[in-house]
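Participant: Have a look at this fold, sequence not included:
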């Protein structure tokens, strides 16, 4: 189900949405979908003609329907066809995907998807279908669709739509010349007038009637008021065409309109052009977090850092703004991705070998089992082999110019001992999301390395030789569950380190003098040597270490994510110790077996509160809230009874509480007086989007009164037999697309405050398989 996320305030939204030439296609599609006989609708056309835009508008129309309730799914197909990934993308959007589910067989996954979709009306949008597949094979109940359910997909050809069993098809055609001119004129910031008009018409013709090319060209020329600029643009494009630089498809059409290449060259700075080309290293439809993308750019020295770490990250966001505004990147909340047509252009440019064009070897999502032969690597400056099935790196490539090597999302288990011997220029290495078990000692030869991502791997021990990477700025060790040993003086020797991610990176149960994972205090003492550290995520296993962390203003100020695990012997934890972490956005409290309560203990002067009647009205009181906290996960804390302190987290977006045997209430009415001072009031969960409650056998209450839940979109309850009342009334979640997931027998026993509430939420329920 499509989740409505907030948009980052740092990067602005697109200033233009296409309407010209789309209304006819939209009306035709909607009319067909409203027919009972049309279950599957196919939309076909060439790249950049607007298929995805049309699909998005249809999706928004379904989401806007207030008199009906649909589960709305959106998936972008991978290339080559990967049905396991399609299953995972669909299941993720049902709201109850887990690592255990990912380990199920293809058939078991199919049955789970079928059980959900066959019992609830849904619409499924599938973008960019390039190969034929059977919907039923992945679990979509094509023969037993609930009444009103629909499937709509996009494809490059009519014949493919027909092979996909589409009941009706719609062709997205190129815009006519008059439509192109109108479209072109509406995108610019100023009206096109005078002698520029005929020049704009010529430039619009160069866009081949493709809306994507038109909008990119129009944004590029939007501030050009001098006719000479337009003559220059046309002359540049004509030279590209006459030189036959651009590739052609088998039918003779140009795959990438020359105007797009001109728009790339119109980017004002070398940094913007280099950062743009870097985005082509990722697979089609691959969404990357903006912060992660900026980390790559920084560590590849694509951004000028002479003004310091704050301004360099700001520059990264400014470049993302430029690329999004130019329509060279597409923005989806905190993520960006590159359109396949634009990506094709970027790869063509990157491989021309001119002064600013770097040689890219990109073989992503190509079902590779073995890496390309080493001689293919020799001239490469950037290599991306993401999303393949490569399992072994045994040969020793010689690539003295290699700057970036992306090997994430492979089945990699073994890296040869000498693999990194001849990569002395390498700055970025990403081995994440693979099965690699150990790092070769030759990693010490990567003397230029600035970025190392080992997250979600099976590494058990970091080699001592890692301390040789004196230029390393970024190290990601998150979610390495099997990691048990990090030798002393490895982390502390990384003197250039700015970003260290160690959230859920494993720990040792055995005390070892030379292992920082066996003692969180030793771990923290090592971190205190990192003078340039500005982003930290960390796992703490000792209560004394939490006090130690809090005692360091520098570590406290840069902690973004914190996992409290085990904390041996702790029956009570003063959660207010975390209030000073002003940038803490993720908190996990896990496997603290003896923990019975989380206390809030703020020492305040009486004069600070005497005139305050609510938390919102008191600036002093607001300071002691967990304002930055966005996500909280509490699991396997067997004696914990309530989480009332969460009322002090006004921006909480995600809350998951699982396997807490004694949990009786989330916000305890009896605890409010201890948590809030007299006269204070605060409505909890005002910004909550996701609430997951699982395996809580004694849970009876979430909150004593009905809540507005204005942002909620997923509400999951599983194996909470005593939870009979939900904090909902007929006005709750108004305007949101909330879906309530749970067991059918639990749902039947829910006690509603009135019939209006029951009527409002019955259509929102999705039965989970037991």
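Facilitator: Cool, got the structure. Fair warning: this is a prediction, and the values are worked out from it, not measured in the lab.
Participant: continuing past the helix or strand containing residue 262, what's the next helix or strand?
Facilitator: If you go by DSSP states H and E, residue 262 is part of helix 258-265. Downstream of helix 258-265, the next assigned helix or strand under DSSP H and E is helix 270-278.
Participant: helices and strands around that next one, which ones?
Facilitator: Applying 3 or more Cβ pairs under 8 Å, 6 or more residues apart in numbering; DSSP states H and E, we find helix 270-278 packed against helix 258-265, helix 290-299, helix 309-325, helix 340-350. Backbone N, C-alpha and C define where each C-beta goes, glycine included.
Participant: Give the buried residues for the helix holding residue 262.
Facilitator: For helix 258-265, burial by neighbour count (16 or more other Cβ atoms under 10 Å) applies to 258, 259, 260, 261, 262, 263, 264.
Participant: can you check stretch 734-747 too?
Facilitator: Neighbour-count burial for stretch 734-747, with 16+ other Cβ under 10 Å as criterion, is recorded at 736, 737, 738, 739, 740, 741, 742, 743, 746, 747.
Participant: Who does the closest residue to the last one other than its chain neighbours form a beta bridge with?
Facilitator: Looking back up the chat, that one is residue 747. Distances taken as Cβ to Cβ, 6 or more residues apart in numbering put residue 765 closest to residue 747, at 5.5 Å, once the chain neighbours are dropped. For residue 765, the beta-bridge partners are residue 740 (DSSP bridges).
Participant: I'd assumed residue 748 was in contact with residue 765.
Facilitator: No. With contacts counted by Cβ atoms under 8 Å, residue 765 stays clear of residue 748, the gap being 10.1 Å.
Participant: Neighbour count for these two, which is higher?
Facilitator: Between residue 765 and residue 748, residue 765 has the larger neighbour count (other Cβ atoms under 10 Å), namely 18 against 7.
Participant: For that one, give its distance to residue 133.
Facilitator: The spacing between residue 765 and residue 133, counted by Cβ to Cβ, to the nearest Å, is 30 Å.
Participant: what does residue 231 give?
Facilitator: Between residue 231 and residue 133 the computed distance is 49 Å (Cβ to Cβ).
Participant: and if you look at residue 685?
Facilitator: Residue 685 is 40 Å from residue 133, where distance means Cβ to Cβ.
Participant: Then residue 576?
Facilitator: Residue 576 is 53 Å from residue 133, where distance means Cβ to Cβ.
Participant: Next, count neighbours for residue 159.
Facilitator: Neighbours of residue 159 under the rule other Cβ under 10 Å: 12.
Participant: Over to the one 3 residues further on?
Facilitator: Other residues within reach of residue 162, judged by other Cβ under 10 Å, total 14.
Participant: before we move on, what SS does it have?
Facilitator: Under the three-state scheme (DSSP: H, G, I helix; E, B strand; the rest coil), residue 162 adopts helix.
Participant: cool, and residue 536?
Facilitator: For residue 536, the assignment made with three-state DSSP gives strand.
Participant: Going forward, the N-terminal residue is numbered 120.
Facilitator: Happy to do that; since the first residue is 120 now, the last one works out to residue 655.
Participant: Could you chop this protein up by domain?
Facilitator: The chain breaks down by the TED database into domains covering 141-290, 295-385.
Participant: what about the last one, distance to the chain center?
Facilitator: In other words, domain 295-385. Here domain 295-385 is found 33 Å from its chain centre; the criterion is Cα atoms, centre = their mean, to the nearest Å.
Participant: same thing with the first one?
Facilitator: Taking the mean C-alpha point of domain 141-290 and that of its whole chain, the gap between them comes to 21 Å (Cα atoms, centre = their mean).
Participant: now the end-to-end length of it.
Facilitator: Distance between the two ends of domain 141-290: 11 Å, counting by Cα to Cα, to the nearest Å.
Participant: Could I get the average pLDDT for that domain?
Facilitator: Across domain 141-290, pLDDT averages out at 90.
Participant: Ok, stretch 492-509 next?
Facilitator: The pLDDT scores in stretch 492-509 average 88.
Participant: right, and the domains of the chain - which one's nearest residue 717?
Facilitator: The closest of the domains of the chain to residue 717 is domain 141-290. By Cβ to Cβ, the value is 25.1 Å.
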